[in-house]
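In: How does the following fold in three dimensions:
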Amino acid sequence: MYKDESLKKYLEDLAARLPAPGGGSAAALTAALGASLLSMVVNFTLGKAKYAQYENDLKAALLKTEKLRGEFLNLVDLDVTAYKSRNLRNALDVPFMLARLCFEGMKLCPPLIKKGNINLISDVAVAAVLLESAFTSAYFNVEINLKSIADTKLTQKIRKELTGKARMIQKIRSETEEKVGKIIRG
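Out: A predicted model of the protein is given here:
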């Protein structure tokens, strides 16, 4: 289980001539980094008088970011397990789940631009970039696995969902970068 190993060990195995971990697992780790940054922003905001009016929203956001962080970390290992199982459905389900969770994480970014500690505003943008990157990586992993699925209705349904989510994620990331950029530049 990589989630209990050192980052160094994970990166060594990722770089090695091993079939797994691979891109799907790396995407899950990238998403975990994004969720961790969002948690950090909230943790540095909670308890500050300037943001007291958002306390309840921030606590709810922290619960979500921490839950996502745990789920992303589990997906680091689930992707490795799915690949090794040679089960096509598992190989499809893990990146599809990752894409869906990245979408949920991305939706937490816009409120934190307003409600998060201004000193960590750039971290919200970094989190958005990481979550979009993880989503895109998961998207490609879903696509490669869909090529081998004979169920046309299922593949169309999954592609439709992911295409819609991809548009929304790109929009959120773009708007996040724009708003954060304006705040940083003053």
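In: Make sure residue 180 is actually in contact with residue 125.
Out: Yes. Between residue 180 and residue 125 a contact is recorded at 4.1 Å, counting by C-beta atoms under 8 Å. Every residue, glycine included, has its C-beta placed from N, CA and C.
In: Do a quick rundown of the helices in this protein.
Out: Using DSSP state H, the helices found in the chain span residues 7-15, 23-43, 55-85, 88-106, 109-115, 121-146, 152-185.
In: Let me know which of these is the nearest to residue 49.
Out: helix 55-85 (10.3 Å; C-beta to C-beta).
In: Identify each buried residue in the closest one, please.
Out: Using 16 or more other C-beta atoms under 10 Å as the test for burial, helix 55-85 gives 58, 61-62, 64-66, 68-69, 71-80, 82-83.
In: and the closest residue to residue 177 other than its chain neighbours, how many residues sit next to it?
Out: Nearest non-adjacent residue to residue 177, counting by C-beta to C-beta, 6 or more residues apart in numbering: residue 125, 5.5 Å away. Residue 125 has 21 neighbours, counted by other C-beta atoms under 10 Å.
In: List the residues that contact residue 125.
Out: 176, 177, 180, 181 (C-beta atoms under 8 Å, 6 or more residues apart in numbering).
In: what residues are up against the last one?
Out: Residue 181 is in contact with residue 125, counting by C-beta under 8 Å, 6+ apart.
In: Now residue 102: closest residue in space that isn't a chain neighbour?
Out: residue 135 (3.8 Å).
In: Work out the gap between stretch 138-151 and the centre of the chain.
Out: On the basis of C-alpha atoms, centre = their mean, to the nearest Å, stretch 138-151 is displaced by 19 Å from the centre of the chain it belongs to.
In: that older thread, now the residue nearest to residue 102: how far from residue 21?
Out: Distance, residue 135 to residue 21, by C-beta to C-beta, to the nearest Å: 18 Å.
In: Look at these two and report which has more neighbours.
Out: residue 135 (29 against 22).
In: Tell me the pLDDT of the residue nearest to residue 177.
Out: At residue 125, the model reports a pLDDT of 98.
In: got it, and residue 142?
Out: On the pLDDT scale, residue 142 is placed at 96.
In: what's the nearest residue to the residue nearest the centre of the chain if we skip its chain neighbours?
Out: Taking C-alpha atoms, centre = their mean, the centroid of the chain lies closest to residue 31, which sits 3.0 Å from it. Leaving aside its sequence neighbours, residue 31 sits nearest to residue 134 (C-beta to C-beta, 6+ apart; 3.6 Å).
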